[in-house]
Every structure is written in C-alpha cells, then in structure tokens.
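*Asks:* What shape does this take:
(2 chains)
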There are 2 protein chains.
Amino acid sequence: MINSPNERKRAVGVGLIGFGTIGRGVVRLLLDRSGSLTKGEEFYLQLRRIADLDITTPRGIDLPQGILTTDANEVVEARDIDVVIELIGGIEPARTYILKALQAGKGVVTANKALLAKCGDELFETSERNRAALFFEGSVCGGIPIVRSLRQGLVANRIDSIYGILNGTTNYILTKMTEEDEDFEESLRKAQERGYAEADPTLDITGQDAAQKLSILLRIGLGLPCRASDIFCEGIETITRKDIRYAKELGYTIKLLAVAKRTDGGVEARVHPAMIPSGTLLANVRDEFNAVELVGDAVGTQVFYGKGAGEMPTASAVVADVVELAKQKSQGTVAGLGVKPRDETLQGLLPMDEVKMPYYFRFTVIDRPGVLAEIARLLSREQISIASVIQKVRAEGSTVPIIMMTHQALERAMKTAIKNIDKLPAVKAKTQVIRVEELQR
Amino acid sequence: MINSPNERKRAVGVGLIGFGTIGRGVVRLLLDRSGSLTKGEEFYLQLRRIADLDITTPRGIDLPQGILTTDANEVVEARDIDVVIELIGGIEPARTYILKALQAGKGVVTANKALLAKCGDELFETSERNRAALFFEGSVCGGIPIVRSLRQGLVANRIDSIYGILNGTTNYILTKMTEEDEDFEESLRKAQERGYAEADPTLDITGQDAAQKLSILLRIGLGLPCRASDIFCEGIETITRKDIRYAKELGYTIKLLAVAKRTDGGVEARVHPAMIPSGTLLANVRDEFNAVELVGDAVGTQVFYGKGAGEMPTASAVVADVVELAKQKSQGTVAGLGVKPRDETLQGLLPMDEVKMPYYFRFTVIDRPGVLAEIARLLSREQISIASVIQKVRAEGSTVPIIMMTHQALERAMKTAIKNIDKLPAVKAKTQVIRVEELQR
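*Replies:* Here you go, the predicted model:
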C-alpha cells in the first residue's frame, strides 16, 4: 500500500501540504513509483501525511488510511516526517509552514515561486541557520532541471547571461498570434478555453510570473539575491498582430523574454516582450513550452527546453527534489543547501534607464511630407541612430504606420525621444516600442 | 597557491591522471576557481598530484611545486587523494587505474566514453562493490549536464525515448554541407583545418563515437546496460550534397542521429544519418553543437543543448563531478553511485531488422518507361508503401534520379527490397537509403 518496506532499507518520512493538482501528481509518483525512485539506494520514501483544507473531494488515488489531515501543523511538527513538501502556493500560510519545518530541521521541497521571489532571503537564511535544506526545482520551468543544473552541473562556471521563455501562457498566446494571425484578445480567450491561461491571467500576461522565476534564476545562477519587484517588467498586452507581422517581415519573432545579464555597470534584469531573430532556438520555442538559454564562461551557450508547468512535469521536479533530500536525510548529511552564495563581485542591478539595446518602433502618423524628418530629428537629438525604416504605403484609416529599427540605444534616451515624438501633431497614437535582443543562432 | 585552506573547512584531496587538453582545463578551473567552487560548503578542494607521461611540456599554468609525476600509481594509491580524475582516454591503462582507484575506495571522475561503452559493467560493478562512486558527466555531450539530469532531475520519469545529436564533428560537417552546398570531402577537410575533426576522423564520421555515448545514455536513461558494439551504427560518409538538397526540398534536414526508444518488442538503439523535419529544434542544432531530446512519461519532451566537446566545456562537466564527489567524501557518504539499476521490465535490444520507420530512397536509373513500375512492384512485394515520389527531369549523365519517401516499413523488408531493386538492369548505381525520423515540432 504505502511503499513496500525493505529490511535493509531505512524509511524516510514524507509529508505533503497542499493536495491540489500538483500535489495529486506528486502523490501519484510517490505511490506508483515507490520501487523505482529509490532502487539501488539504501532508503525508501514513505508518504506519511497529506494536509489540505479539503480532504473530502476524491482525487482518484487510493490513499493509505488515515493519511489525510486538515491541519498542516500535523505535517510540519510531526516527528516521523523528515521531508516536507509545500504545494499550497501564495505567501501565507505557506511561508509560516516552511519556516516552521526548517526550524524543526526538516528538509523542505517547494514549487512556490511567488514566495521564493518575495521572501527568498528569509527562507534561505532560515535554511542555512538550521542546516535544513530547501529545494525548489519545481518553482522554475516545471520539469526542466534548470535549478539543479545551475547549482551542480554548471558549478564551475561564471554565468554571464540568462535568456528565458519562462511563462507558458504568454508563449502559447504569442505562438497563436504569430501562427494564426490572431489578435491578443482572441488568442488569450482560446488559451483560457484550452486551459493554458487562468480565468484571471494578470500574473502571466503582465510578466510578473516570469519576473518571479527570473529572480530565482538570478539568485542561483548569478549569485544575486533579488526580489521579483526589483525586476523591470512589461507584459504582452500591448502587442498587436500588426507588430507580429512587421517583426516577421524583418526576420524576427516576438517572445516574452526574461533577461539576466552581467555588464560592466551591473546586472541587467528585465522581463518584456522582445523581438528575437527567427532562426534562433528560442524563437522556435512554441506553444506552452519554456526554455532557458544561458552562457557560462566555461561551457559557452546552453539551452534547456521543456514543459514549464502542468501536473506531471512539475510533480516530476518536486519528486526529484524529494528523492535527493531524502537521500541526504537517510545519511544524516545536509549537502547542498540549495542556493548559491552571494557573489560579492557583482555590483547589483543596473537601473533599467541605463540598459542599452536596439529598439523597434511603430509610429502611427498622418501621411504628409516632413513627418519622418521630424521623428528622425527627435531621435537624433537623443543620440539614437536608425538602422532601418519601413514606411508602409497602405493607410490605416487616416494614418500610416512607420516601422523603424534602431541601433543600440540607452533606455533613458529612448523614453525621452518617444515622449517627445508622441507630442508631435502628426503622430496620432502612442508609439509602439518593442525591445530587440540580437540572440545568436 | 593551491586552494586557500580555511580552518573551518576540510580539505578533499584531488589527483589527476592525464594532463592533456581537457586535463589542462580541469586544472585551470580547480586552481582559478578554488574559492567559488566550494563557497558555502564545509570542504575545499586541494589538487595534490597530476600524473602524465609528459611532465616537461609547459601547459601555461603556474602549478604548485612537486605536484607532477610520471607514475599514475602515485595518484591511485596515494592515501591523501580522495578523488581521482581519469583523463587519459582509451581502454588501457585507463581501465586498470580506475579499477585500482575504486578498489582503494576513492571516488573516480572520468570523461572516458570509450571505456564506459566497452567496460561499463565491470566498472560500475566495481564501483558498487567498493562503495566508491564513479561519475562521468564529461563522457557524454561535454558540458551539457545530461548525465546528472537523467540520474537526478528526471529520476521520477520512465524515459521513453532519446534522440541525440551526440557528435560535434559530424554535425559540423553536415551543417556546412547543408548551408554551403558542399560535398562531404570538402566539408570534412574544412572541419579538419578548423580543428573540428581529427586527422583520422574515423571514430566520428562512422558514428562509433556517437554509439559510445548512446550506450551510456541507454544505461543511465533507460536502465539498459549495453555496449557500443551492440548498437546499430552507420556513418555519414555516403551522404551527398544531392541528398541534402532533396531533403531540403522535402522539408527535411539530415543529421547524424542517435536514437534510443522503448517499443513493445524491445529497445531500439541505433546511430545513423536521419532526415528530420526542418522546423524541429534538433534540425536547428548547427555546427559543432550537441543536443539531446528526450521524452519522460511525467515531464514530456525536453531538450538539452550545448557544446559537446572542447577543453573548457568538458572541463566544466568534470569539475562539477569533482565538486559533488568531494562533497560526499567530506561527509563520508556514498550517495549516488552514478548509474541507474537495470530495469528488469525491459526486453533488451530490438534487432535492427525489426525496427520500423519511413525511408528516403534515391534511385539512380536509366530514363525509360516502366522503371518506376518495376521499383514500385519490388517495394510492394515487401509490403513497403510509397508516400511520395519526385522524378527529376534533369539527367545526370545517362541516368536520372528518382526520389522516394515511404511510409513506415520494416528494416528487414527495406533491405530485401533494395537488394532486389539494385539488381534491376535499369538501376545504375547503389540506391541511397536514408532513414526518416518524424520528430514533432
């Protein structure tokens, strides 16, 4: 029923808080795979308690008797539980339960990106102080072993940059907009119908979800503790099918990109829609898939690709953490507290105004002589040089679009220039600005 | 000079056998990164001995005095060495040194794919019997943490398939043939000039190198111990620019693909040139890069991409193993002996004759009525059905090419049909056969 005990093996007690979708996937794997998960190891996993406010809805799993409780304290305080899995999400009471479990010396596995992005310092300090490991592979990119790879596989590298497609919902929407020439609202509605977007999709489409994940990657990849709220963040709500079409003409694909990059002035950390060259691997990450492209100074460029969310992919990541933590518990060690120490050589975050990159502009103007000259003058005044211009002959009502790509320019200069341009009488709508990321093939 | 000791930290002694290119990269990382590699840990790494037959050629590294020796036994027998790195390559004496080190209870890190592919059973048994860990991340795909991901990150999954571009030399050659419309010999010569191919490129271009790596992935990914020599293997020598052009017309890209796949009849394991749809991620893996696409039953499809060879990428993988092993050594544990136990539910390898897939044929025939009918009849006799035919009007001397794609067919049937077709008087050259792998976008 529970895991078949074995005389030569030690049991490691596992408790779960939060029996929702991911929780169900985790329980399935723990019960169905009990043999194979720890085959060849000197311990086995025993799921001893599951806490959830709702313990009556059937989850379609044959559970051991008496394992369910509505009191999460029965998990974090129980002496027979060595590893606590937190899957309730949100800040409280998740934070309190995790802190309690760590203070009790238990290992904790969580997939709670919002909590890590907001209270990471407190959680990791508590983990270290109590010599109790905190693992969180499921918090970033679901089943992709990116946390483990950064912590262990790439430990010999200085990570110089990370480019991530970290949010499946927005990537699904942008893929549909691109491949089916749909508007944002239409694609969003379809994503909701098909279960790829929540009823309230705000966290996803505004980029906040991606910023939370990026803050975790910054901490473990670059050794820069930061919060999601420190990261510049812009969503995909303003992207139109027109922009996607023009991008295509220019050889680019629009993705919601999360960027972390070491520069001389500090670390860039930003989440926003970006035009990336269509031939690159990241441009070909479609639908709800996630990917992380990183550059390590020893390994060079690496890409990790897979499903970033969903019951079983995330459960796979959580269970991998449980197995590794249980192995340590069974041996009485605390190897790997799960977070890269702060890199003191880093100068902290570079303010967004100081970031330099090329831009795509779509101006909406009255079709009369001299407009382009006026725009060009205002750009030039801010030291922004133009790389290419497409002036579309087809009018959109009484206006025509002018599409422009710039060379590298400062964000601050761009903002000033666009503010001034949007005041021109000939400019009839807010100028669309999309940042360009010249990823290499 | 060596790693700065720290009173609170324990030293873990490291010894290296083989001070070639990769060895130099490893030593660089161990010396230059001593602080960051084990920051936050309770141990530090101390490189105590380097053995190589050549200890006089300068490697451009400032080494601690007296660290070099020509006698590898001074590494594997030394009491002050906890972790032995083997980087001499080849079967002997590498095998003997690794066995000695394991028997002495030392942890071993190796990047020796040839040895693992040939003597894996013996090495892993010795590792287990002596409770001495054997790590080998650097043996497959250089710096890509694929071994670690299969062993740990994806531990909750049954791995159903693995598709790999595991050899950088052949991928570089095929990329040049595709993008610059070159012949095989021309691209090979350029690859040699640029250091992407050895003077004797046999191991790479015949697919044997990829088969060695695939045998390791089969062992750790699917739990199927096997040797490289058990794996069907065909190289890229016979691929012509014509085939690459026709593939492009049909929407495919030719790659040297390593395939491991669970089927009802057994495990497919094969290395050969394959036509894959051009829109897929693997088709877009260019130049000397490697990639592994796998399907786990919980996580779904994942792709890992990066540099598969070279001094620093491979050194990065080796050093990651050293750090993990040293952590265990410092705690007196033997967590993770590095290899997945045999999966007894597997039926072993499926004979190549039993494998089913679609094929691409390029027939070289005399341009006269009835030839296509004769070919079609011989295919039909073997139950091979045709998916599409392109008959080229342009003659090549006195012959014309007929390009054909089939539906799924048995390898055995294909071989019989092609043998008979090649005996037809109208068929003027050996028919080109390329297997097709319908990877999903």
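*Asks:* and the next element down the chain from the helix or strand of chain A at the bottom of the mean pLDDT ranking?
*Replies:* Least confident helix or strand of chain A, by mean pLDDT, DSSP states H and E, is helix A:34-37 with a mean of 87. As assigned by DSSP states H and E, the chain's next helix or strand after helix A:34-37 is strand A:43-51.
*Asks:* Within the sheet, what are the partner strands of the helix or strand just after that following strand, with directions?
*Replies:* Under the assignment DSSP H and E, the closest C-terminal helix or strand after strand A:43-51 is strand A:68-69. In the sheet, strand A:68-69 lines up against strand A:43-51 (parallel) (DSSP bridges).
*Asks:* ok, for whichever residue of the stretch 1-150 of chain A sits closest to chain B, nearest residue in space, not its chain neighbours?
*Replies:* With Cβ to the nearest Cβ, the shortest gap between the stretch 1-150 of chain A and chain B falls at residue A:145, namely 2.7 Å. Where you see a C-beta, it was placed from the backbone N, CA and C, and this is true even at glycine. Leaving aside its sequence neighbours, residue A:145 sits nearest to residue B:153 (Cβ to Cβ, 6 or more residues apart in numbering or on different chains; 2.7 Å).
*Asks:* what does residue A:278 give?
*Replies:* In this structure, residue A:278 finds its nearest non-sequential neighbour in residue A:253, 4.8 Å apart by Cβ to Cβ, 6+ apart.
*Asks:* repeat for residue A:9
*Replies:* Excluding the flanking residues, the one nearest residue A:9 by Cβ to Cβ, 6+ apart is residue A:44, at 4.9 Å.
*Asks:* who does the one you found bridge with?
*Replies:* residue A:11.
*Asks:* contacting residues around the nearest residue to residue A:391 once chain neighbours are set aside?
*Replies:* Distances taken as Cβ to Cβ, 6+ apart place residue A:402 nearest to residue A:391, at 5.2 Å, with adjacent residues excluded. Applying Cβ atoms under 8 Å, 6 or more residues apart in numbering or on different chains to residue A:402 gives the contacts A:361, A:362, A:363, A:365, A:371, A:372, A:375, A:389, A:390, A:391, A:392.
*Asks:* where along the stretch 1-150 of chain A do the helices fall?
*Replies:* A:21-32, A:34-37, A:73-76, A:94-103, A:113-129, A:146-148 (DSSP state H, counting those that start in this stretch).
*Asks:* right, and these - which one's nearest residue A:286?
*Replies:* Checking the helices of the stretch 1-150 of chain A against residue A:286 by Cβ to Cβ gives helix A:146-148 as the closest, at 18.8 Å.
*Asks:* Go ahead and name everything in contact with the helix or strand just after that closest one.
*Replies:* With elements assigned by DSSP H and E, the helix or strand that comes after helix A:146-148 is strand A:159-165. Residues outside strand A:159-165 that contact it (Cβ under 8 Å, 6+ apart) are A:141, A:150, A:171, A:210, A:213-214, A:217-218, A:221-222, A:255-262, A:282, A:285, A:289-297, A:437, A:439.
*Asks:* thinking again about what came up before, which of the contacts of residue A:402 fall within helices?
*Replies:* A:371, A:372, A:375 (DSSP state H).
*Asks:* quick check: angle from the top helix by length along chain A to helix B:311-331?
*Replies:* Criterion DSSP H: the longest helix present in chain A is helix A:311-331. Angle, helix A:311-331 to helix B:311-331, by axes from the mean of the first three to the mean of the last three Cα atoms, to 10 degrees: 50 degrees.
*Asks:* near chain B, anything from helix A:311-331?
*Replies:* Yes - judged by Cβ under 8 Å from any Cβ of the partner chain, helix A:311-331 comes into contact with chain B at A:312, A:313, A:315, A:316, A:317, A:319, A:320, A:323, A:324, A:327, A:328, A:331.
*Asks:* Let me know how buried the first one is, in neighbour terms.
*Replies:* By the measure other Cβ atoms under 10 Å in any protein chain shown, the count of residues near residue A:312 is 25.
*Asks:* Can I get stretch A:191-208 in PDB, CA atoms only?
*Replies:* The C-alpha trace of stretch A:191-208 is given here as PDB (Å, rounded to 0.1, in the frame of the first residue of the first chain):
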ATOM      1  CA  ALA A 191      -5.700  29.900 -24.200                       C
ATOM      2  CA  GLN A 192      -8.300  30.200 -21.500                       C
ATOM      3  CA  GLU A 193     -10.700  27.800 -23.200                       C
ATOM      4  CA  ARG A 194      -7.900  25.200 -23.600                       C
ATOM      5  CA  GLY A 195      -6.700  25.600 -20.000                       C
ATOM      6  CA  TYR A 196      -3.400  27.300 -20.900                       C
ATOM      7  CA  ALA A 197      -4.500  30.600 -19.200                       C
ATOM      8  CA  GLU A 198      -6.300  31.200 -15.900                       C
ATOM      9  CA  ALA A 199      -9.600  33.000 -15.700                       C
ATOM     10  CA  ASP A 200      -7.600  35.900 -14.300                       C
ATOM     11  CA  PRO A 201      -4.500  35.800 -16.400                       C
ATOM     12  CA  THR A 202      -3.000  39.000 -14.900                       C
ATOM     13  CA  LEU A 203       0.100  37.400 -13.300                       C
ATOM     14  CA  ASP A 204       1.000  35.700 -16.500                       C
ATOM     15  CA  ILE A 205       0.400  38.300 -19.200                       C
ATOM     16  CA  THR A 206       1.900  41.200 -17.200                       C
ATOM     17  CA  GLY A 207       5.100  39.300 -16.900                       C
ATOM     18  CA  GLN A 208       5.100  39.100 -13.100                       C
END
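*Asks:* tell me which residues of it are tucked away?
*Replies:* A:191, A:192, A:196, A:197, A:201, A:203, A:204, A:205, A:206, A:207, A:208 (16 or more other Cβ atoms under 10 Å in any protein chain shown).
*Asks:* and of those, the nearest to chain B?
*Replies:* residue A:196 (14.3 Å).
*Asks:* Show the contacting residues for the closest one.
*Replies:* Taking Cβ under 8 Å, 6+ apart, one finds A:168, A:169, A:172, A:173, A:288 in contact with residue A:196.
*Asks:* what subset of those residues is also close to chain B?
*Replies:* Among the contacts of residue A:196, no residue sits close to chain B (Cβ under 8 Å from any Cβ).
*Asks:* Give me the buried entries from the contacts of strand A:159-165.
*Replies:* A:141, A:150, A:171, A:210, A:213-214, A:217-218, A:221-222, A:255-262, A:282, A:285, A:289-296, A:437, A:439.
*Asks:* Format the CA atom coordinates belonging to stretch A:123-133 as CSV.
*Replies:* Output of stretch A:123-133 as CSV, limited to C-alpha atoms (Å, rounded to 0.1, in the frame of the first residue of the first chain):
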residue,chain,number,x,y,z
LEU,A,123,13.8,31.4,3.7
PHE,A,124,17.4,30.7,2.7
GLU,A,125,18.8,32.3,5.8
THR,A,126,16.5,30.1,7.9
SER,A,127,17.5,27.1,5.9
GLU,A,128,21.2,27.8,6.4
ARG,A,129,20.9,28.7,10.1
ASN,A,130,19.0,25.4,10.8
ARG,A,131,21.1,23.3,8.5
ALA,A,132,17.9,22.2,6.9
ALA,A,133,17.8,22.0,3.1
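*Asks:* Return the set of buried residues in it.
*Replies:* Within stretch A:123-133, the residues that count as buried by 16+ other Cβ under 10 Å are A:123, A:124, A:126, A:127, A:128, A:130, A:132, A:133.
*Asks:* again, but for stretch A:27-38
*Replies:* A:27, A:28, A:29, A:30, A:31, A:33, A:34, A:36, A:37, A:38.
*Asks:* pretty sure the last one contacts residue A:45?
*Replies:* It stands for residue A:38. Yes - Residue A:38 lies in contact with residue A:45 (Cβ atoms under 8 Å); the separation is 6.2 Å.
*Asks:* intersection of neighbour lists for those two?
*Replies:* Counting by Cβ under 8 Å, 6+ apart, the residues touching both residue A:38 and residue A:45 are A:323, A:326.
*Asks:* Now residue A:262: phi and psi?
*Replies:* Dihedral pair for residue A:262: phi -70, psi 130, per degrees, to the nearest 10.
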